[in-house]
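Participant: The following block contains a protein sequence and its predicted model.
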Amino acid sequence: MPSSLKQPAFRKPLTARRLEATEARYLIFLGCVIPYRVASYETSARRVLPKLGVELVEMPKFNCCGFPLDPINHDAMLTLAARNLCLAEQQNLDIMTLCNGCYGILHHVNKELKEDREVRDRVNAYLAEVDLEFKGTITVKHLIHVLAQDVGLKRIREAVRQPLNPLRVAQHTGCHVLRPRSVVGFDDPENPTILKRLIEATGAACLDYVDETECCGNPIIGVNSELPLQLANEKLEHIKEVGAQALITMCPFCHMMYDLQQPRIERLFHVQYGIPVLHYPQLLGLAMGIRPDELALQDLRVDASPLIRKVHPKEQPRAVAGGPRALSVKRKIGKETRVGER
Amino acid sequence: MDPTFKYEVSAVPGAENVMVCFQCGTCTASCPIARFTASYRPNRLIHMIQLGLRERVLANDDIWLCTTCFTCIDRCPQDVGLANIVRAIRNLSVHERDMPDVYKALASTIRDTGYAYVITASRLKRRDERGLPPLPKADVDTVAKLFEATGLSKTLDREEA
């Protein structure tokens, strides 16, 4: 057994309170944008998943999934993605991504290399330069698959301690876990319902709105910032129209578009939204009775404290918006013994 | 004008069906970006390829506006695979011309660090404070070798020169 499997590279506070037996085990593929800007997604996912019987194993020495390279050099994208897949094959573990983009690329490449001998041979010729070979022995999942298929709605409902009944939210599943249909084969890309059911399992109501399957636009923001902001503005408008109190996402790119960019959108289009955008594990964590600061809810750009007060009446809202972050978490973890340090 | 351009594009894996497009416009009607621009019309792009307007296609800045939402792929009655054709055209355009600065930056950062963004020491420190496990240091030698093998290093060095 590789040493990284014996010793989870994670400190006690987030794993020691594992209540349920482990039933699923995945290499967690973080990708680039989550450690770069969206650590709140990772933090909340790592809080929630062990309590649902999902064990996360750190992925050693991974690299970018390859997504940004596809427009420049398709073979480079295939090869970088395949290298990540080879690392997982060496560990003999399936991959779970948190990011839709990473999932889209890694799953697509995994499927293509398994099915198309010509492409596989070409990519393996590149990989031979670094003594690797794609064998096709693992599968790639996104967090939404792990929650819907491995954990299941029943277990999620059982884990809920504090049903979020007062909340009415909207969902944005994002493109790359839905399309292309022939590659992904999950949910209905024209009318996705799985994230809605996951949301309803927390007790919150999930509202329908116009153009739910519309893209967030983030992939082209580096080329043209106006168009994605127009797209995101339109979506926020539709969400506000139906009276949703929050938007729930499962992708760091989509999240950045609606949360991080929301103040900019409000300035640009002279509108007021103030719609908090939560990562699904944050919503689920609240329903499971996990403290808001442990779910990194204070990291959101759009203040979520009014929402938190609705479901956790005793919780104090954060003292200063955008002020010192996660102080209570820091103190708590500081007292614990560190395990699995690199 | 290059009447063989359509063959050149259809020789790229994923872009084989460029010739079967019959201009129904479903892709453009479904495209989130086309709704907000006056010029980006995915079906016109395919038509231009079919007509052999090679230079006009490869020099067209609009090819960089596709968000890869793949709605066009799902809805196309002819299974043209439009987003894949856009990718093929982008690759060709990069090979022969240039690429948007953002892609140069992303690719260089991946070559140098293994990640698409520079993850600063302060971010790593914050991970630590949070109790998140340390981010593994990417194997940059391996990544650089793969950039070299796939020809991407050559493209990037040309851009930097």
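Facilitator: Nice, I can see it.
Participant: Residue B:13 and chain A: what is the separation?
Facilitator: 7 Å (CB to the nearest CB, to the nearest Å). No exception for glycine: its C-beta is placed from N, CA and C like everyone else's.
Participant: Flag every buried residue along stretch A:238-251.
Facilitator: By neighbour count on 16 or more other CB atoms under 10 Å in any protein chain shown, the buried set for stretch A:238-251 is A:238-240, A:244-251.
Participant: Take those residues and write them to TSV, including pLDDT, distance to chain B and secondary structure.
Facilitator: Shown next, in TSV, are these (pLDDT from 0 to 100; distance: CB to the nearest CB, whole Å; DSSP: H, G, I helix; E, B strand; the rest coil):
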residue	pLDDT	distance to chain B	secondary structure
A:238	98	13	helix
A:239	98	16	helix
A:240	98	19	helix
A:244	98	20	coil
A:245	98	25	coil
A:246	98	23	strand
A:247	98	17	strand
A:248	98	19	strand
A:249	98	15	strand
A:250	98	16	coil
A:251	98	12	coil
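Participant: ok, so of those residues, who is nearest residue A:298?
Facilitator: When the buried residues of stretch A:238-251 are ranked by distance to residue A:298 (CB to CB), residue A:246 comes first, at 15.2 Å.
Participant: Please tell me I have it right and the closest one contacts residue A:282.
Facilitator: No - here residue A:246 does not reach residue A:282: they are 9.6 Å apart, not a contact under CB atoms under 8 Å.
Participant: partners of residue A:25 in the sheet?
Facilitator: Beta-bridge pairing of residue A:25 under DSSP bridges involves residue A:55.
Participant: show me what contacts it?
Facilitator: A:54-57, A:93 (CB atoms under 8 Å, 6 or more residues apart in numbering or on different chains).
Participant: swap the cut-off to 10 Å and go again
Facilitator: A:5, A:53-57, A:93-94, A:96, A:150 (CB atoms under 10 Å, 6 or more residues apart in numbering or on different chains).
Participant: From those, list the buried ones, please.
Facilitator: A:53-57, A:93-94, A:96, A:150.
Participant: for those residues, which one is nearest residue A:141?
Facilitator: residue A:96 (5.2 Å).
Participant: Just checking the helix or strand containing that closest one against chain B, any contact.
Facilitator: Residue A:96 is located in strand A:95-97, with elements delineated by DSSP states H and E. No - Strand A:95-97 stays clear of chain B (CB under 10 Å from any CB of the partner chain), getting no nearer than 14.4 Å.
Participant: could you give me the average pLDDT of that strand?
Facilitator: Model confidence over strand A:95-97, given as mean pLDDT, is 98.
Participant: How about the following helix or strand past it, which residues are buried there?
Facilitator: Using DSSP H and E, the helix or strand that follows strand A:95-97 towards the C-terminus is helix A:100-115. In terms of neighbour count (16+ other CB under 10 Å), helix A:100-115 has its buried residues at A:100-114.
Participant: Chain neighbours aside, what residue packs nearest to the closest residue to chain A within chain B?
Facilitator: Going by CB to the nearest CB, chain A is nearest to residue B:102 of chain B, at 3.1 Å. Counting by CB to CB, 6 or more residues apart in numbering or on different chains, residue A:222 is the residue found nearest to residue B:102 once chain neighbours are left out, at 3.1 Å.
Participant: thought the one you found was touching residue B:101?
Facilitator: Yes - between residue A:222 and residue B:101 there is a contact under CB atoms under 10 Å: 8.1 Å.
Participant: which one of the two has more residues nearby?
Facilitator: With neighbours defined as other CB atoms under 10 Å in any protein chain shown, residue A:222 and residue B:101 compare such that residue A:222 has more, 16 against 11.
Participant: residues touching the more buried one, list them.
Facilitator: A:68, A:228, B:64, B:100-103, B:105-106.
Participant: And the pLDDT for residue 91?
Facilitator: Picked chain A for this. Taking residue A:91 on its own, its pLDDT is 96.
Participant: Chain B was what I was after
Facilitator: 98.
Participant: Also residue A:3?
Facilitator: 40.
Participant: Ok, the one 5 residues further on next?
Facilitator: Per-residue confidence for residue A:8 comes out at a pLDDT of 38.
Participant: which neighbours do residue A:246 and residue A:282 share?
Facilitator: A:276, A:300, A:304.
Participant: Select only the buried ones of those residues in ChimeraX?
Facilitator: To isolate the buried members of the shared contacts of residue A:246 and residue A:282 in ChimeraX, using 16+ other CB under 10 Å:
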select /A:276,300,304
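Participant: the strands in chain A, which residues?
Facilitator: Assigned by DSSP state E, chain A shows strands spanning A:24-29, A:54-58, A:95-97, A:140-142, A:168-172, A:205-206, A:246-249, A:277-279.
Participant: between those strands, which gets nearest to residue B:125?
Facilitator: Here strand A:54-58 is closest among the strands of chain A (CB to CB), at 18.4 Å.
Participant: What is the closest one packed up against?
Facilitator: Strand A:54-58 sits against helix A:3-6, helix A:12-15, strand A:24-29, helix A:39-48, helix A:74-91, strand A:95-97, with contacts defined as 3 or more CB pairs under 10 Å, 6 or more residues apart in numbering or on different chains; DSSP states H and E.
Participant: If we use 6 Å, what do you get?
Facilitator: With contacts taken as 3 or more CB pairs under 6 Å, 6 or more residues apart in numbering or on different chains; DSSP states H and E, strand A:54-58 sits against strand A:24-29.
Participant: now the angle between helix A:74-91 and the strand it packs on, please.
Facilitator: Relative orientation of strand A:24-29 versus helix A:74-91 (axes from the mean of the first three to the mean of the last three CA atoms, to 10 degrees): 140 degrees.
Participant: Okay, buried residues for strand A:24-29 please.
Facilitator: A:24, A:26-29.
Participant: Please compute how far that strand lies from its chain's middle.
Facilitator: 13 Å (CA atoms, centre = their mean, to the nearest Å).
Participant: For the stretch 201-342 of chain A, which residue gets nearest to chain B?
Facilitator: residue A:222 (3.1 Å).
Participant: Quick check: the gap between residue A:61 and residue A:29.
Facilitator: Between residue A:61 and residue A:29 the computed distance is 12 Å (CB to CB, to the nearest Å).
Participant: To clarify, my last question referred to residue A:276.
Facilitator: Residue A:276 is 27 Å from residue A:29, by CB to CB.
Participant: and what of residue A:123?
Facilitator: 18 Å.
Participant: cool, and residue A:128?
Facilitator: Taken as CB to CB, the span from residue A:128 to residue A:29 is 23 Å.
Participant: Check residue A:314 too.
Facilitator: Taking CB to CB, one finds residue A:314 at 36 Å from residue A:29.
Participant: Identify the residue spatially nearest to residue B:94, adjacent ones excluded.
Facilitator: residue A:72 is the one closest to residue B:94 (CB to CB, 6+ apart), at 5.1 Å.
Participant: got the contact list for the one you found?
Facilitator: Contacts for residue A:72 (CB atoms under 6 Å, 6 or more residues apart in numbering or on different chains) come out as B:94, B:99, B:103, B:107.
Participant: now do 10 Å
Facilitator: B:87, B:90-91, B:93-95, B:99-100, B:103-104, B:106-107, B:152, B:155-156, B:159.
Participant: what about chain A, any weak spots by pLDDT?
Facilitator: In the predicted model of chain A, residues A:1-22, A:315-342 satisfy pLDDT under 70.
Participant: same thing but 50
Facilitator: A:1-21, A:317, A:319-342 (pLDDT under 50).
Participant: Now do the contacts for the residue of chain B closest to chain A.
Facilitator: A:68, A:220-224, B:64.
Participant: Going by distance to residue B:144, which of these wins?
Facilitator: Nearest to residue B:144 among the contacts of residue B:102, with distances taken as CB to CB, is residue A:68, at 16.3 Å.
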